[in-house]
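Participant: Quick check, what structure comes out for this input:
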Amino acid sequence: MDKELDLIMQYTDLYTQCQEMIKVHSCELMNAVRDGAFEEYKRQGLPTRKVERYKYTDVQKVFSHDYGLNLSRIAIPVNPQDAFKCDVPNLSTQLFFVENDELMQKDSASPYVYSFKAFAETHPELAKKHYASLANPAADAVTALNTALVQEGVVVYVPRNTRVDKPIQIVNLLRSGVDMMINRRLLVILEESAEATLLFCDHAMDTVRFLTTQVAEVFCADNSRLDMYELEETHTKCNRFSNLYIKAGRNCRVSHNNITLFNGTTRNTTEVMLCGEGAELTLNGAVVADKSQHVDNNTLIDHRVPNCVSNQLYKYVIDEQAVGAFAGRILVEKDAQKTLSTETNANLCASTDARMYTQPMLEIYADDVKCAHGSTVGVLDTNALFYMQQRGIPLEEARMLLMFAFVGQVIDQITLEPLRDRLHYLVEKRFRGELNKCTGCALCK
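Facilitator: As a prediction, the model looks like this:
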């Protein structure tokens with residue numbers, strides 16, 4: 001209990017002493033809800049393992065470290081084009097860089113990507129309507145702390161009847177000379193019949209310890225279509241807590257793909273509300289973890305109305321002393337008749353020290369539905385390994401091929417062909433024990 005109180009006081013003192021600095025260097029949109037979020041953080045405190053949704057991740061251990069914060073917005077000089085290349089061949093994206101929490105192309109010619117400050121000035125009513133409306137600080141302490149401390153972020157806004165031809169790629173660069181806590185925000189608004197493809201890449205340019213909290217709110221209006229990809233490839237000192245909230249309208253199509261290739265401690269929370277009939281949702285996730293890495297994915301799909309479809313597939317390959325966790329809950333409310341939903345979590349423990357925790361859940365209050373869920377945890381097939389060795393394939397190569405084939409099912413779901421090919425390449429390199437970065441990453445020089 002003393003540790004919990006100390007941690008509450010650590011961030012309470014921080015906010016109390018620095019709140020004016022935080023507000024001066026932020027915008028009124030964020031400041032309007034900041035104090036209320038801080039009160040929610042004080043009420044809840046950061047979750048312990050006794051909190052059901054966080055029982056697989058020691059949140060307090062990660063947050064108790066003494067991190068620096070760049071509250072006065074001191075510029076950290078970096079030319080991302082020189083220091084980092086994140087090129088996916090033939091993908092032809094609209095490329096943007098975010099240094100820690102701030103969009104670097106402030107004068108972007110793109111009509112779809114904004115900083116929070118710019119969006120609040122140009123679209124004040126839209127910003128006020130959507131910001132902090134899905135991400136409820138009262139429901140999650142990490143969301144509350146992020147809302148209290150965040151100063152900037154990125155907005156993607158696609159007006160009605162607009163199709164964004166080129167994928168929008170946002171590269172999040174972690175940059176600091178000292179251990180650093182970074183709080184960033186993402187707001188995605190797709191109006192009626194809008195279409196977009198978004199790719200987010202997380203990378204670290206320095207080897208210090210990072211703690212990143214990210215809260216993302218995604219609004220998909222009627223008949224819209226969103227393909228969203230998240231790729232994490234940082235290093236073992238990086239800790240990431242990401243809370244993603246999605247609201248899907250009538251006849252919209254939403255696909256979210258989350259790939260974790262290299263990290264320290266990662267906790268991804270994904271909550272989706274299907275609020276309009278005919279909505280279709282696909283959630284895919286792939287995790288490759290070894291050493292002492294920790295990856296925890298927690299999902300909730302809330303079917304609120306009839307005739308919606310959701311499909312969920314998460315696969316983990318866990319090696320050495322790594323720990324993986326997956327908890328997926330499908331909630332079918334009483335009016336959500338004709339729901340179709342599947343949830344699959346398959347896991348491969350490639351060493352005797354690896355640990356995997358899995359908890360698929362169905363909660364159904366309607367009587368005319370088709371829902372299924374399942375999970376498996378297994379080891380490499382010794383017969384298959386023996387068979388491949390008998391045909392001249394070395395043991396380590398045989399292990400790599402089996403693991404690659406196992407996780408490849410998730411990668412194959414990606415509809416963006418150049419990205420799919422690139423991820424196949426990155427996953428293979430990862431299984432070969434290479435910390436593969438895009439050419440030019442400062443960390444690899």
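Participant: what are the ranges of the helices in the stretch 201-350 of the chain?
Facilitator: Using DSSP state H, counting those that start in this stretch, the stretch 201-350 of the chain contains no helices.
Participant: Next, the spatially most distant residue from the centre of the chain: phi, psi?
Facilitator: Most distant residue from the mean C-alpha position of the chain: residue 390, 41.5 Å away (C-alpha atoms, centre = their mean). With angles defined as degrees, to the nearest 10, residue 390 sits at phi -60, psi -20.
Participant: now do residue 119
Facilitator: According to degrees, to the nearest 10, residue 119 has phi -70, psi -40.
Participant: what's the residue lying closest to it once chain neighbours are set aside in contact with, if anything?
Facilitator: The shortest distance from residue 119 to any non-neighbouring residue, by C-beta to C-beta, 6 or more residues apart in numbering, is to residue 155 (4.2 Å). No exception for glycine: its C-beta is placed from N, CA and C like everyone else's. For residue 155, the contact set (C-beta atoms under 8 Å, 6 or more residues apart in numbering) comprises 113, 114, 115, 116, 118, 119, 127, 186, 187, 188, 189.
Participant: Let me know the closest of these to residue 14.
Facilitator: Of all the contacts of residue 155, residue 116 has the smallest distance to residue 14: 21.2 Å, by C-beta to C-beta.
Participant: Can you report how many residues neighbour that closest one?
Facilitator: With neighbours defined by other C-beta atoms under 10 Å, the count for residue 116 comes to 26.
Participant: ditto for residue 380
Facilitator: By the criterion of other C-beta under 10 Å, residue 380 has 17 neighbours.
Participant: Check for me that it belongs to a helix.
Facilitator: No: using DSSP: H, G, I helix; E, B strand; the rest coil, the assignment for residue 380 is coil, not a helix.
Participant: could you check the distance from it over to residue 388?
Facilitator: Taking C-beta to C-beta, to the nearest Å as the measure, residue 380 falls 11 Å from residue 388.
Participant: picking up where we left off before, show me what contacts the residue farthest from the centre of the chain?
Facilitator: Counted by C-beta under 8 Å, 6+ apart, residue 390 has zero contacts.
Participant: circling back to that earlier point, in strands, which of the contacts of residue 155 appear?
Facilitator: Under the assignment DSSP state E, the contacts of residue 155 contribute 113, 114, 115, 186, 187, 188, 189 to strands.
Participant: ok, those vs residue 310, which is closest?
Facilitator: Proximity of these to residue 310 (C-beta to C-beta) peaks at residue 188, which lies at 18.9 Å.
Participant: is that closest one in a bridge, and if so with what?
Facilitator: Here residue 188 sits in beta bridges with residue 156, residue 218, going by DSSP bridges.
Participant: What about it, how many residues nearby?
Facilitator: Neighbour tally, residue 188, other C-beta under 10 Å: 23.
Participant: Neighbour-wise, give me the winner out of the ones in strands among the contacts of residue 155.
Facilitator: The most crowded member of the ones in strands among the contacts of residue 155 is residue 187, carrying 26 neighbours; neighbours defined as other C-beta under 10 Å.
Participant: State the distance from that one to residue 102.
Facilitator: Residue 187 is 15 Å from residue 102, by C-beta to C-beta.
Participant: contacting residues around the longest helix seen in the chain?
Facilitator: Longest helix of the chain, by residue count under DSSP state H: helix 2-24. With contacts defined as C-beta under 8 Å, 6+ apart, helix 2-24 is touched by 31, 34-35, 38, 41-42, 45-46, 48, 60, 63-64, 69, 71-72, 145, 148-149, 151.
Participant: hmm, 6 Å instead?
Facilitator: 31, 38, 42, 45, 46, 60, 64, 71, 148 (C-beta atoms under 6 Å, 6 or more residues apart in numbering).
Participant: Report the contact partners of the spatially closest residue to residue 250 that is not a sequence neighbour.
Facilitator: Nearest residue to residue 250, sequence neighbours excluded (C-beta to C-beta, 6+ apart): residue 276, at 3.0 Å. Listed by C-beta under 6 Å, 6+ apart, the contact partners of residue 276 are 222, 249, 250.
Participant: May I see the contacts of helix 2-24 organised as a markdown table, with distance to residue 226 and pLDDT added?
Facilitator: Listed next are those as a markdown table, based on distance: C-beta to C-beta, whole Å; pLDDT from 0 to 100:
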| residue | distance to residue 226 | pLDDT |
| --- | --- | --- |
| 31 | 29 | 97 |
| 38 | 31 | 97 |
| 42 | 35 | 94 |
| 45 | 34 | 92 |
| 46 | 31 | 93 |
| 60 | 34 | 94 |
| 64 | 36 | 93 |
| 71 | 33 | 94 |
| 148 | 28 | 97 |
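Participant: buried subset of those?
Facilitator: The neighbour-count test (16 or more other C-beta atoms under 10 Å) marks 38, 42, 45, 46, 60, 71, 148 as buried among the contacts of helix 2-24.
Participant: between those residues, which is closest to residue 198?
Facilitator: Residue 198 has its nearest neighbour among the buried ones among the contacts of helix 2-24 in residue 148, at 26.3 Å by C-beta to C-beta.
Participant: which residues touch residue 255?
Facilitator: 227, 282.
Participant: Likewise for the one 3 residues further on?
Facilitator: With contact taken as C-beta under 6 Å, 6+ apart, residue 258 is in contact with 230, 285.
Participant: One more: residue 309?
Facilitator: 280, 340.
Participant: So in terms of bridging, what pairs with it?
Facilitator: Beta bridges link residue 309 to residue 280, residue 340, judged by DSSP bridges.
Participant: Okay, it and residue 228: tell me how far apart.
Facilitator: Going from residue 309 to residue 228 by C-beta to C-beta gives 17 Å.
Participant: For residue 216, state which of the buried ones among the contacts of helix 2-24 is nearest.
Facilitator: Nearest to residue 216 among these is residue 148, at 16.9 Å by C-beta to C-beta.
Participant: The stretch 251-400 of the chain: strands as residue ranges?
Facilitator: Using DSSP state E, counting those that start in this stretch, the strands found in the stretch 251-400 of the chain span residues 253-262, 265-274, 280-289, 294-303, 309-318, 323-332, 340-349, 355-364, 370-378.
Participant: Residue 209: which of those strands is closest?
Facilitator: Nearest to residue 209, of all the strands of the stretch 251-400 of the chain, is strand 265-274, at 10.6 Å by C-beta to C-beta.
Participant: what does that closest one rub up against?
Facilitator: For strand 265-274, contacts defined as C-beta under 6 Å, 6+ apart pick out 57, 62, 239-248, 260, 281, 294-303, 308.
Participant: Which pLDDT value does the model give the residue nearest to residue 64 when sequence neighbours are not counted?
Facilitator: With sequence-adjacent residues excluded and distances taken as C-beta to C-beta, 6+ apart, residue 64 is closest to residue 7, at 5.6 Å. pLDDT recorded at residue 7 is 81.
Participant: tell me, how many neighbours does residue 7 end up with?
Facilitator: As a burial measure, residue 7 scores 18 neighbours (other C-beta under 10 Å).
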